[in-house]
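Fold the stuff below for me.
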Amino acid sequence: MISRKDKGWGDLRIGPYEDEDIYPLLPLLKQEFPDWSSKQINSYIALVTSKEENVTGLLVARNEADYYVGLIIYTIQQMSNKRVNRLKDNNRKKITKKEKYLNVLVVENLIASSPVLQKKIYVALVNSVIEIAKTNSCDFVELPKLENESYDLIRNKYQKQITESKGFRTYLKLSKSLTRHIVPLHSIQ
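I've put the predicted structure just below:
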């Protein structure tokens, strides 16, 4: 994926983090994991980005001064709709209980460096990760629960796609015209 500028949100540059050295990201990661040592954080990032059966990634946001101001750690997983059957769509119809597998982009961590810019950084990163989900034929994007004001811009922009969950996560249903089912991830060589 090529980095892109998100002009709507302060000229942030969004793109994958491909360097093996996570030292430049430690200030952001320490916010998310304040009680973890640098070694523990490094191990976590290595674990998340080394999953063989799942597609994983680390997407970063940089400002005009080239500082890292936010990041998303994500995985693309196949989930049984039985795992997602707690969900209801905006029309309150239950998702069919027939067994099938869905491609879901799961946002494992969403981090912003500044509370002041948090909403803008979050929406820029989520916009980019939704593009990744569409490219990978995902049915849903799983996000943290959108309960606090930090998620206002995301909630407003994607309100028609939000699928309620009884759990601690929020799901965005992607349009079927934009996605298609692909072969199971575990069968891709």
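
Regarding the residue sitting nearest the centre point of the chain, what is its secondary structure?
By C-alpha atoms, centre = their mean, the chain has its centre lying nearest to residue 107, at 3.1 Å. Using DSSP: H, G, I helix; E, B strand; the rest coil, the structure places residue 107 in strand.

please begin residue numbering at 28 from this point
In the new count, where the first residue is 28, that last one comes out as residue 134.

Next one: it relative to residue 170, how far apart?
Going from residue 134 to residue 170 by C-beta to C-beta, to the nearest Å gives 5 Å. All C-beta atoms are positioned from the backbone trio N, CA, C, and that covers glycine.

Identify the bridge partners of the residue nearest to the centre of the chain.
Taking DSSP bridges as the rule, residue 134 bridges to residue 101.

ok, which stretches of this structure are strands?
In the chain, the segments counted as strands under DSSP state E are 31-33, 39-43, 82-89, 95-107, 128-139, 167-171, 189-190, 196-200.

Among those, show me which one is buried the most.
strand 167-171 (a mean of 23; mean count of other C-beta atoms under 10 Å).

Who are the packing partners of it?
Helices and strands touching strand 167-171, by 3 or more C-beta pairs under 8 Å, 6 or more residues apart in numbering; DSSP states H and E, are strand 128-139, helix 145-162, strand 196-200.

Give me the angle between the longest one and strand 167-171.
Spelled out, that is helix 145-162. 160 degrees (axes from the mean of the first three to the mean of the last three C-alpha atoms, to 10 degrees).

So for helix 145-162, what gets flagged as buried?
The neighbour-count check on helix 145-162 (16 or more other C-beta atoms under 10 Å) flags 145-157, 159-160 as buried.

pLDDT on it, on average?
Helix 145-162 comes out with an average pLDDT of 90.

Show the secondary-structure elements that that helix is packed against.
For helix 145-162, the elements it packs on are strand 31-33, strand 39-43, strand 82-89, strand 95-107, strand 128-139, strand 167-171, helix 179-184, judged by 3+ C-beta pairs under 8 Å, 6+ apart.
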